[in-house]
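Enquirer: Have a look at this prediction, sequence included:
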Amino acid sequence: MFKKTIMTLAAAALIPQAYSAEAVDCSINHGRIHVEGYGKAEAYPDRAQLVFKSVERNPQSDKALEAVEEKVAMFLSELDNAGIKKEQIIAKSVSLEPEYSYDDKKHIRTVNLYRAQRTVIVQTSDFSKIPEITNMAMQSGLNEIAGFSYEIKDPEKLEREARQNAISDAKEKAELLASGFEVKLSKPCSINFNETGRIYSPNSRNGNMALMAMKAAGPEIPEAEYTQEKITVQSSVSADFAIE
């Protein structure tokens, strides 16, 4: 509720004050024009995020942990040698979970294996490095490609642009209606943003498929071509204008 109130006030501040200066009658008996404004903003992605996992199973917990840490350390070393900066890398903490087997006759469960796992996230603005980074992960022994996505470094800027376009669309519609019905448009009585649409990246799925294809190719990973499509943010605003 608090967030919605802030967005309502922000919308009011963004709409130009080009309406009648008299006091606005927003009572239910006074005429109103209701409009819905829609806007979007598009931009090409400027960053890619790749997610890899090292997963090992072993009857001995220390052996599982050791294998995971060894492979992640090798990958991090390769990234450093390739000039990937530390701030581009998120190496999450290692996790360890027991895997059980169940004896139906004795109705007991016992630890069968230990599963150790560690996730490494790599971000890069140089899309030509995606195959190289993936190659390093696979050769270091990281055995799962957990995700791939294109992103915008400053999504708030794109959201603001989409909202401003929604406001302009609402204002244009209100003015068109007022002109068509020969009434005078006054100030808005209410303005409400709907939640800004999530950033939509149409080719993240294709990126995942390309990485999986590279993994399936084995040690001789071919160069893959990555094409970027625009990322879109959508927004909408509801507005009621008093008329005279």
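Expert: Noted; the coordinates are in hand. Numbering: from 1, shown residues only.

Enquirer: switch to C-alpha atoms for all contacts and neighbour counts from now on
Expert: OK.

Enquirer: give me the low-pLDDT residue ranges for the chain?
Expert: Scanning the chain with the threshold set as pLDDT under 70 gives 1-25, 27-29, 195-227.

Enquirer: Residues in contact with the longest strand along it: which ones?
Expert: If you go by DSSP state E, the chain has its longest strand at strand 108-124. For strand 108-124, contacts defined as CA atoms under 8 Å, 6 or more residues apart in numbering pick out 47-61, 64-65, 68-69, 72, 88-103, 130.

Enquirer: what ranges do the helices span in the protein?
Expert: 2-14, 61-81, 130-139, 155-180, 204-216 (DSSP state H).

Enquirer: Leaving out sequence neighbours, find the closest residue to residue 232.
Expert: residue 42 (4.6 Å; CA to CA, 6 or more residues apart in numbering).

Enquirer: That neighbour and residue 228: what is the separation?
Expert: Going from residue 42 to residue 228 by CA to CA, to the nearest Å gives 12 Å.

Enquirer: Just give me the neighbour total for residue 49.
Expert: For residue 49, the tally of surrounding residues (other CA atoms under 10 Å) stands at 19.

Enquirer: My understanding was that it contacts residue 146; is that so?
Expert: No. If you go by CA atoms under 8 Å, residue 49 and residue 146 don't touch, sitting 10.7 Å apart.

Enquirer: and this protein, what are its domains?
Expert: 2-44+155-198+234-243, 47-151 (automatic domain parsing).

Enquirer: distance between the ends of the longest one?
Expert: If I follow you right, that is domain 47-151. With CA to CA, one end of domain 47-151 sits 5 Å from the other.

Enquirer: chain center to that domain, what's the gap?
Expert: 22 Å (CA atoms, centre = their mean, to the nearest Å).

Enquirer: quick one on the thing from earlier: ok, the residue nearest to residue 232 touching residue 231?
Expert: Yes. Using CA under 8 Å, residue 42 makes contact with residue 231 at a distance of 5.5 Å.

Enquirer: the more surrounded of those two?
Expert: Set residue 42 next to residue 231 and count neighbours by other CA under 10 Å: residue 231 wins out with 21 against 17.
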